[in-house]
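In: Sharing a sequence plus its predicted fold:
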Amino acid sequence: MGDSFLDESIRYLKGVGEAREKLLAKLGIKTLRDLVGYFPRAYEDRTQIKQTNALTIGETVCVRAMAVTAPQLSHIRKGLDIVKFRAVDEVGTLELTFFNQPFIKDTIKPGETYVFYGKVDGTLTRPAMVNPLFERESISDGLIDDFAESFSDNFVNEDSNSLNKNTSLTVSVTGRIMPLYSLTAGLSQKMVLNAVRSGLNKCGDDLPDILPESIVRQYELCRARYAYENIHFPEDVRALEIARKRLIFEELFVLITAMKLLKEHRGERAGRHIDPPDWNEFYKALPFKPTKAQKRAVDEAAESMGAHRAMNRLVQGDVGSGKTLVAAACCFMVWRSGCQSAFMAPTEILARQHYMTMTELLDPMGMRVGLLTGSMSVKQKKQAYDRLILGETDLIIGTHALLSEGVKFRELALVITDEQHRFGVNQRSMLTEKGSSPHVLVMSATPIPRTLALIIHGDLDVSIIDEMPPGRQSIETYVVSERHRDRVNAFIRKLVDEGRQVYIICPMIEEHSEDEINGLSLQDFKSRTITNQTGLSSAVDYHKNLQSKVFQDFCVELVHGKMPAKKKEAAMKAFASGEADILVATTVVEVGVDVPNAALMIVENADRFGLSQLHQLRGRVGRGEHESFCVLFRGAAGETSKERLEILRTTNDGFKIAEEDLKLRGPGDFFGSRQHGLPEMKIANLASDMVVLSIAQKAAEENLRNDPQLESPENRKLSEQIKQMFEVGLSGGRFS
């Protein structure tokens, strides 16, 4: 049987139906392929049974014990019933309590032995469990049932029907490793587990082995059928490890192969030859001395643009490392060849910032820099269009407005995008289509290790700026709790009195409902100085509170993404010019905003942000001559969030921070939704699976050397998989 049936709807699977089909669709599960490829997020090891004298308070374990007292049912009040009884093993006792499960009274039989699985409570001398899962010791097989719901549900089903035509799956509370899936409202673990079981029963034997046979043998990998069965229903820890190794290797192997083919495909695209200018002339005209890392990146880009093929280059560097200079040098090179450049930024604020910077750098050299944003008047836009088509603008900087139909160039030879993960793949390709195979330069302030960057951005050449310009201030970072609020407010006042300016970042825009702040009345919430440990900071309320109650004698401005463009620009202009002392903002200021006089960055509820995002926010200060500081208020998450945020306190190295962020959050969040252009990783982790990634990279390169176009029979499934990836827009390319 071919594998096209894997794209069939899951609706008619046993135990799914129309209602659950809609719920599963919210998890991205629509077909059989999606279902069997929806891997568990974690596992519970229920293979170990402990005796009562070896229990540790707080651990979740299995205990085999005999019920010695009859369960006693107590009606505490309406809506609250409690069942209690005692069980014993060879060395001690276990107290059992069940809330709102009166049927337990008739289920548990004194004198019979059960296995209980739950979190250990009580004391070391009198251990206890509340609402554990349980089963009679004699049960050996049964249907996947309520045992997978939660710790408040109990498995007591004795139906012994077989679940798999090939394998009689023993499903019990104990003696197995239990998969745990990410859920959505209305779905339980049991429902997903049952659906996956039905899906594997239907298609497991026909799952395609995408990897070439030679690769499977050389790297000692298991078959696809075994991998999918044991990733969902592992026989034991070893089987799970074997399955994970195969699936992680396969995911990375396919991705790396696809990116290398895409890079080769793009490399074949002819590009305009651009002659390098006299760089000494360019560097002498700059108001500062470039770093060696900046010059190296410029040389790499110049070599690419002079190679008669279209450049596709990523310039990656930490916050404040000077990526804009590299972009300016490339624009200068293109201008000297009589062509034009386009520079697209994700926000209007950032576009205007780049416009001012580029004008300062390039205008003295004779270049004509233009601006195009959505908030400009119709007349202003038409003037910009006319200057472009006539060749009177050498470099146009703008937002998505550059994609407008009216934007036409006389001779577009270079396209630059800033923070490329903020643009969809279609948006990036739309701009390049306005020229004839223009060179492409993308910039990112999301630093990641070079080896990882070369794989993730496998379709791009990579230039890394790993040196900071002289004069950048180191930023003292502090992680504090709400009890430090008065001290922080006093520090704000001290800095502003000295003439400095302050950023305050909030994770939310809108006013909170009472439910969102866990019962704290809105009036009480607003009366707090700024925020509290039970609620999230509202940028709007926060700004009102600061201006009217805390810093009435200072000018406090507000910026957030939902404001009209004119108000937003006015607030930013007031802060940039020094008229405003404090800027309350959402993460709209995360990148690009350059105010050298700003010396303090405060982030509310910092544990709601990724570490790399916090590092970028911190990079908004320390850009001038003044000593600078960053204060991170942690929310209610406690010690765990404090430990995570301590990483920022101990290092200013964006590459180290990014590695930690990858480990903590995974690539999907790290690169910003799915805007990074890569397919979402289903099982591989680009940080923790670096060893497998390195092996998969070696294997992919070896396979492509032997079969560059994947034309051999053993690469047929791999070729089909990669073509499917390109059809959904991998990195904006198409492979054929």
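Out: Good, I have the coordinates. The shown structure was predicted, so the numbers you read here are calculated from the model rather than taken from an experiment.

In: Which strand or helix spans Ile396?
Out: Using DSSP states H and E, Ile396 falls within strand 395-398.

In: What lies in contact with that strand?
Out: For strand 395-398, the surrounding residues in contact (Cβ atoms under 8 Å, 6 or more residues apart in numbering) are 331, 335, 340-345, 351, 354-355, 358, 362, 367-373, 384, 388, 402, 407. C-beta coordinates here come from the backbone N, C-alpha and C atoms, glycine included.

In: ok, the closest residue to Thr432 other than its chain neighbours - how many residues close by?
Out: Leaving aside its sequence neighbours, Thr432 sits nearest to Val415 (Cβ to Cβ, 6 or more residues apart in numbering; 5.1 Å). Val415 is flanked by 23 other residues according to other Cβ atoms under 10 Å.

In: any idea whether Val415 is helix, strand or coil?
Out: The assignment at Val415 comes out as strand when based on DSSP: H, G, I helix; E, B strand; the rest coil.

In: List the contacts of it.
Out: Ser341, Ala342, Met344, Leu431, Thr432, Gly435, Pro438, His439, Val440, Leu441.

In: pull the CA atoms of the strand holding Ile396 into CSV?
Out: Only the C-alpha atoms of strand 395-398 are listed here, as CSV (Å, rounded to 0.1, in the frame of the first residue of the first chain):
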residue,chain,number,x,y,z
LEU,A,395,18.3,53.4,-0.9
ILE,A,396,14.6,53.1,0.2
ILE,A,397,13.9,52.1,3.9
GLY,A,398,10.5,51.1,4.9
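
In: in its sheet, what does that strand sit against?
Out: strand 340-344 (parallel), strand 369-372 (parallel) (DSSP bridges).

In: If you count neighbours, what's buried in it?
Out: Using 16 or more other Cβ atoms under 10 Å as the test for burial, strand 395-398 gives Leu395, Ile396, Ile397, Gly398.

In: now swap in stretch 545-564 and tell me
Out: Buried, per 16+ other Cβ under 10 Å, within stretch 545-564: 545-547, 550-551, 554-560, 563.

In: quick one: that stretch to chain centroid distance?
Out: Put simply, stretch 545-564 sits 31 Å off its chain's centre (Cα atoms, centre = their mean, to the nearest Å).

In: Quick one: end-to-end length of that stretch, please.
Out: 22 Å (Cα to Cα, to the nearest Å).

In: how many other residues sit next to the nearest residue to Glu411 once chain neighbours are set aside?
Out: Distance criterion Cβ to Cβ, 6+ apart; nearest residue to Glu411, sequence neighbours excluded, is Cys339 at 4.6 Å. By other Cβ under 10 Å, 22 other residues sit near Cys339.

In: I figured Cys339 was touching Thr393, is that so?
Out: No: the criterion here is Cβ atoms under 8 Å, and Cys339 misses it with Thr393 at 11.8 Å.

In: re earlier: just the closest of the buried residues of stretch 545-564 to Ile504, please.
Out: The shortest approach to Ile504 among the buried residues of stretch 545-564 belongs to Leu546, at 7.6 Å (Cβ to Cβ).

In: Would you mind stating the distance between that closest one and Ala580?
Out: Distance, Leu546 to Ala580, by Cβ to Cβ, to the nearest Å: 12 Å.

In: before we move on, what about Asp209?
Out: Taking Cβ to Cβ, one finds Asp209 at 62 Å from Ala580.

In: Those two: which is more packed in?
Out: Legend: neighbour count by other Cβ under 10 Å for Asp209 and Ala580, higher for Ala580 (22 against 17).

In: what sits against Met563?
Out: Ala571.

In: For it, give me the pLDDT.
Out: On pLDDT, Met563 comes in at 82.

In: give me phi/psi at it?
Out: phi -70, psi 150 (degrees, to the nearest 10).

In: I'd guessed Lys30 sits against Leu6; true?
Out: No: judged on Cβ under 8 Å, Lys30 makes no contact with Leu6 at a distance of 11.4 Å.

In: The two: who's more crowded?
Out: Leu6 (20 against 16).

In: quick one: that one from Asp34, how far?
Out: For Leu6, the distance to Asp34 - Cβ to Cβ - is 9 Å.

In: for Pro470, same thing?
Out: For Pro470, the distance to Asp34 - Cβ to Cβ - is 52 Å.

In: And the two? Which one has more around it.
Out: Asp34 (18 against 8).

In: Quick check: pLDDT value at that one.
Out: The predicted local confidence for Asp34 is 91.

In: what do you get for Glu701?
Out: For Glu701, pLDDT reads 89.

In: Pretty sure it sits against Lys260.
Out: Yes: counting by Cβ under 8 Å, Glu701 touches Lys260, with 7.4 Å between them.

In: Counting neighbours, go ahead and name the busier of these two.
Out: Neighbour count, other Cβ under 10 Å: between Glu701 and Lys260, Lys260 has more, with 19 against 13.

In: Isn't the more buried one up against Leu704?
Out: Yes: in this structure, Lys260 is within contact of Leu704 by Cβ under 8 Å, at 6.1 Å.

In: Would you format the buried residues of strand 395-398 as TSV with distance to Asp236 and pLDDT included?
Out: Below are the buried residues of strand 395-398 laid out as TSV (distance: Cβ to Cβ, whole Å; pLDDT from 0 to 100):
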residue	distance to Asp236	pLDDT
Leu395	62	97
Ile396	62	97
Ile397	59	97
Gly398	58	94
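
In: Per the annotation, how does this protein divide into domains?
Out: 1-41+192-206, 46-180, 279-307+322-444, 475-651 (automatic domain parsing).

In: Make TSV out of the ones you listed and add distance to Met725.
Out: TSV is the format used below for those (distance: least, Cβ to Cβ, whole Å):
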stretch	distance to Met725
domain 1-41+192-206	13
domain 46-180	26
domain 279-307+322-444	12
domain 475-651	26
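
In: Looking at those, which is nearest to Gln721?
Out: So among the domains of the chain, domain 1-41+192-206 is nearest, using Cβ to Cβ, at 10.1 Å.

In: In the stretch 601-736 of the chain, where is pLDDT below threshold?
Out: 636-641, 662-680, 686-688, 726-736 (pLDDT under 70).

In: Got phi/psi on the residue nearest to Asn489 when sequence neighbours are not counted?
Out: Leaving out its chain neighbours, the residue that sits closest to Asn489 by Cβ to Cβ, 6+ apart is Val550, at 6.2 Å. Main-chain torsions, Val550, degrees, to the nearest 10: phi -100, psi -50.

In: Relative to Ala599, how far out is Val550?
Out: 19 Å.

In: and if you look at Lys717?
Out: The separation that Lys717 has from Ala599, given Cβ to Cβ, amounts to 58 Å.

In: Have a look at the two and say which one is more surrounded.
Out: Ala599 (25 against 17).

In: what about the more buried one, helix or strand, and which?
Out: strand 598-603.

In: List the neighbouring strands of that strand plus their orientation.
Out: By DSSP bridges, strand 598-603 pairs with strand 501-505 (parallel), strand 628-633 (parallel).

In: helix, strand or coil for Ser304?
Out: Per three-state DSSP, Ser304 ends up helix.

In: I'd like to know how far the nearest residue to it once chain neighbours are set aside sits from Arg618.
Out: Residue nearest to Ser304 in three dimensions, not counting chain neighbours: Met311, with 3.8 Å by Cβ to Cβ, 6+ apart. Distance, Met311 to Arg618, using Cβ to Cβ: 32 Å.
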